[in-house]
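Enquirer: Got a predicted structure plus its sequence, pasted below:
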Amino acid sequence: MKRTEIITLFKESAKQLVGQDICIKGWVRTKRGNKNVAFIAVNDGSIIHSIQVVADVERFEEEVLRNITTGACIGVCGKLVESMGKGQSVEIVADSIEIYGTANAETYPLQKKGHSLEFLREIAHLRGRTNTFGAVFRLRHAMAFAIHKYFNDRGFFYWHSPLITASDAEGAGEMFRVTTLDMDNLPKTAEGRIDYSEDFFGGETSLTVSGQLEGELGAMALGKIYTFGPTFRAENSNTPRHLSEFWMIEPEMAFYELEDTMDLAEDFIKYLVSYALENCKDDIEFLNNMYDTSLLERLRFVADNKFIRLRYEEAIKILLEAKQKFEFPVAFGVDLQSEHERYLVEQHFKCPVILIDYPKEIKAFYMKQNEDGKTVRAMDVLFPTIGEIIGGSQREEDIDKLMARMQEVGIDPADMDWYLDTRRFGSAPHSGFGLGFERLLLFVTGMSNIRDVIPFPRFPKNAAF
C-alpha cells in the first residue's frame with residue numbers, strides 16, 4: 001500500500017480519508033497502554049504532530065510489540081478512524097505493523113523526558129527527531145524556499161559566487177586558508193616564505209567571507225541578482241550569535257540608490273516574516289509555547305510596523321541622551337553594539353529601525369561616500385532581540401574615490417583589478433545588502449543560540465559530524 005505522509009492526516013481534507021485503509025511510516029515517539037491495547041505515537045518529520053496508532057495487543061506477536069520502543073522505525077497499515085481521545089481528531093487502528101529498525105531503550109538518547117539544548121548539540125545527528133528541532137529545520141526550509149520565491153517573482157537572477165577565493169571582501173583577514181601543500185614539507189621562496197605558486201591554485205586562496213564582490217559583477221551584467229550560499233569566518237568567537245560557517249543572502253542591484261535598497265530590504269524581511277506566519281503556524285506556535293512566549297507577538301510586530309529610517313548621527317544623539325546606562329560607551333565614530341541597537345528598536349522607537357550614513361572609518365572600502373567626505377551611504381536594519389539583521393550600502397561607482405579608499409585601508413588596487421573593471425567599463429550606480437540566514441532564523445524561531453538553527457554548527461574547536 002502506498003505510504004501516506006502524516007502531515008496529510010492533519011489537513012482539513014483528512015476527513016475524507018476516515019474509514020479508509022492507509023499506511024504510514026515513521027519513528028516512534030512514545031508507546032503506552034495496558035495488557036489489552038497499545039497506543040503508539042508515530043512521527044515522520046513532515047509535521048510537528050504525531051499520529052496515534054491504536055494496536056490491539058491480541059492481534060500482534062509479543063516480540064513485535066516489545067520492539068516498538070521510543071526511537072524505533074515502523075510502518076503501520078490500518079483503518080483511519082475518528083479519535084475519541086483528547087489531542088487528536090483521527091487515529092489509526094492498526095491491522096499490521098512492520099519494524100524497520102529497532103532502538104535499544106537503554107541506549108537511545110532521546111527518551112521521553114526533557115533534554116537541554118546543550119545536550120542536544122552533542123548529538124546533533126539525532127536532534128532533528130525532536131519536536132524542537134523538527135520545527136526549527138522545517139522553518140529553515142520554509143525560509144530558504146521563501147527567499148528564492150521572493151527574488152524569482154521580482155525578476156532577480158540567482159547568482160553563484162565562488163566559495164574559494166583569492167580576495168577578502170571585508171578586509172578583515174579572518175579567513176580559512178585553502179591549500180593542498182604538504183604541511184610537513186612546505187615549499188619556500190628564496191626569501192624563506194611559503195611558496196604558494198606551488199599550491200593547487202598557484203597562489204593563496206581562502207574560503208569566502210562574502211559573495212558580495214562577485215555579486216556586484218553579476219549585477220553589472222544582469223541588472224538584479226542575489227546570492228544565497230555558505231560563507232566562512234575564522235573568528236575565534238564563542239558567542240550565541242556567531243558561527244564559523246553560515247549562510248548569507250546577498251542581493252545586488254544595478255541602478256538602485258540607497259533609498260531603493262532600503263525599500264527592498266524592508267519589503268523583503270516583511271515578506272519572509274509574513275510567509276513564516278502564514279505557512280508555518282504549527283511550528284511557530286510550538287516554539288512560542290515552549291521556548292519564547294513573545295515570539296508570535298514579535299513576528300507580528302515586524303510584519304505590521306513601518307521601519308523608522310534614521311541617520312547614524314541622530315542615533316548617537318538619542319543614545320547619548322538616553323537615561324539608560326550602557327555597558328559600551330557611546331560616541332560619534334563608534335560602531336554600535338547590540339545593546340545600543342536594541343535600545344533604539346525596543347525602547348525608543350518601538351519598531352524596526354534602518355540606520356544610515358555611518359562614518360566611513362567604521363565601514364568597508366566599497367561603500368559610496370557622501371558629499372561630506374566623512375560618512376558613507378551605508379544602512380543597517382535593526383530588529384528587536386537581534387540588533388543588526390541586515391547590513392548594506394550603495395556601492396562606490398567612482399573609480400578614483402574607490403581606489404583612494406582602498407589605499408587608505410591598505411588594499412592594493414592591483415590585487416582587485418578585476419573588480420575595478422566594473423568601474424572602468426560602463427560604471428553605474430548600484431547597491432546591495434547582506435542578510436545572515438541564521439540571524440533571520442534566530443528571529444523567526446525564537447531560539448537564543450545560533451548553533452540551534454543550523455543542522456551541524458561549526459565553531460571554534462568544533463567540526464563534529
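Expert: Everything's here; your move.

Enquirer: Quick check: which element contains the spatially closest residue to residue 309 that is not a sequence neighbour?
Expert: In this structure, residue 309 finds its nearest non-sequential neighbour in residue 354, 4.8 Å apart by C-beta to C-beta, 6 or more residues apart in numbering. The way it works is simple: take the backbone N, C-alpha and C, and place the C-beta from them, glycine included. Using DSSP states H and E, residue 354 sits in strand 353-359.

Enquirer: what's in contact with that strand?
Expert: Here strand 353-359 makes contact (C-beta atoms under 8 Å, 6 or more residues apart in numbering) with 258, 262, 265-266, 307-313, 315, 332-333, 336, 341, 344-345, 370, 374-382.

Enquirer: before we move on, the earlier item: the residue nearest to residue 309 and residue 262, how far apart?
Expert: Plainly put, residue 354 is 5 Å away from residue 262 if you go by C-beta to C-beta, to the nearest Å.

Enquirer: Return the distance of the residue nearest to residue 309 relative to residue 390.
Expert: Distance from residue 354 to residue 390, counting by C-beta to C-beta: 8 Å.

Enquirer: same thing with residue 54?
Expert: Relative to residue 390, residue 54 is positioned 50 Å away (C-beta to C-beta).

Enquirer: Could you do residue 12 as well?
Expert: Plainly put, residue 12 is 37 Å away from residue 390 if you go by C-beta to C-beta.

Enquirer: ok, these two, which is more surrounded?
Expert: Per other C-beta atoms under 10 Å, whichever of residue 12 and residue 390 has more neighbours is residue 390, with 24 against 6.

Enquirer: tell me which element the more buried one falls in.
Expert: Judged by DSSP H and E, residue 390 forms part of strand 387-395.

Enquirer: In PDB, list the C-alpha atoms belonging to that strand.
Expert: Once non-C-alpha atoms are left out, strand 387-395 reads as follows in PDB (Å, rounded to 0.1, in the frame of the first residue of the first chain):
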ATOM      1  CA  GLY A 387      20.000  44.000  16.800                       C
ATOM      2  CA  GLU A 388      21.500  44.200  13.300                       C
ATOM      3  CA  ILE A 389      20.000  41.700  11.000                       C
ATOM      4  CA  ILE A 390      20.800  43.300   7.600                       C
ATOM      5  CA  GLY A 391      23.800  45.300   6.500                       C
ATOM      6  CA  GLY A 392      24.200  47.000   3.200                       C
ATOM      7  CA  SER A 393      25.100  50.100   1.200                       C
ATOM      8  CA  GLN A 394      25.200  51.900  -2.000                       C
ATOM      9  CA  ARG A 395      28.500  50.900  -3.700                       C
END
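
Enquirer: For it, what is the distance to the chain centroid?
Expert: 16 Å (C-alpha atoms, centre = their mean, to the nearest Å).

Enquirer: and the next helix or strand after it, what's its mean pLDDT?
Expert: Sequence-wise, the next helix or strand downstream of strand 387-395 (DSSP H and E) is helix 399-408. Taken as a whole, helix 399-408 has a mean pLDDT of 94.

Enquirer: again, but for stretch 73-81
Expert: 97.

Enquirer: same question, stretch 18-25
Expert: On average, the pLDDT along stretch 18-25 is 96.

Enquirer: Now the residue lying farthest from the centre of the chain: closest residue in space that isn't a chain neighbour?
Expert: Relative to the centre of the chain, the most outlying C-alpha is that of residue 58, 48.7 Å out, by C-alpha atoms, centre = their mean. Distances taken as C-beta to C-beta, 6+ apart place residue 36 nearest to residue 58, at 7.6 Å, with adjacent residues excluded.

Enquirer: any idea of the pLDDT on the one you found?
Expert: With respect to pLDDT, residue 36 has a value of 95.

Enquirer: mind listing the strands for the stretch 51-200 of the chain?
Expert: Secondary structure of the stretch 51-200 of the chain (DSSP state E, counting those that start in this stretch): strands at 51-56, 73-82, 90-101, 157-158, 164-165, 177-178.

Enquirer: buried set for the first one?
Expert: It stands for strand 51-56. By neighbour count with 16 or more other C-beta atoms under 10 Å, strand 51-56 contains the buried residues 51, 52, 53, 54, 55.

Enquirer: Contacts only, for the residue nearest to the second one when sequence neighbours are not counted.
Expert: Read it as residue 52. Spatial nearest neighbour of residue 52, chain neighbours left out: residue 91 (4.2 Å); criterion: C-beta to C-beta, 6+ apart. Applying C-beta under 8 Å, 6+ apart to residue 91 gives the contacts 51, 52, 53, 54, 80, 81, 83, 85.

Enquirer: and if we set it to 7 Å?
Expert: 51, 52, 54, 81, 83 (C-beta atoms under 7 Å, 6 or more residues apart in numbering).

Enquirer: quick check, nearest of the residues you listed to residue 277?
Expert: Of all the contacts of residue 91, residue 277 sits closest to residue 51, with 25.4 Å by C-beta to C-beta.
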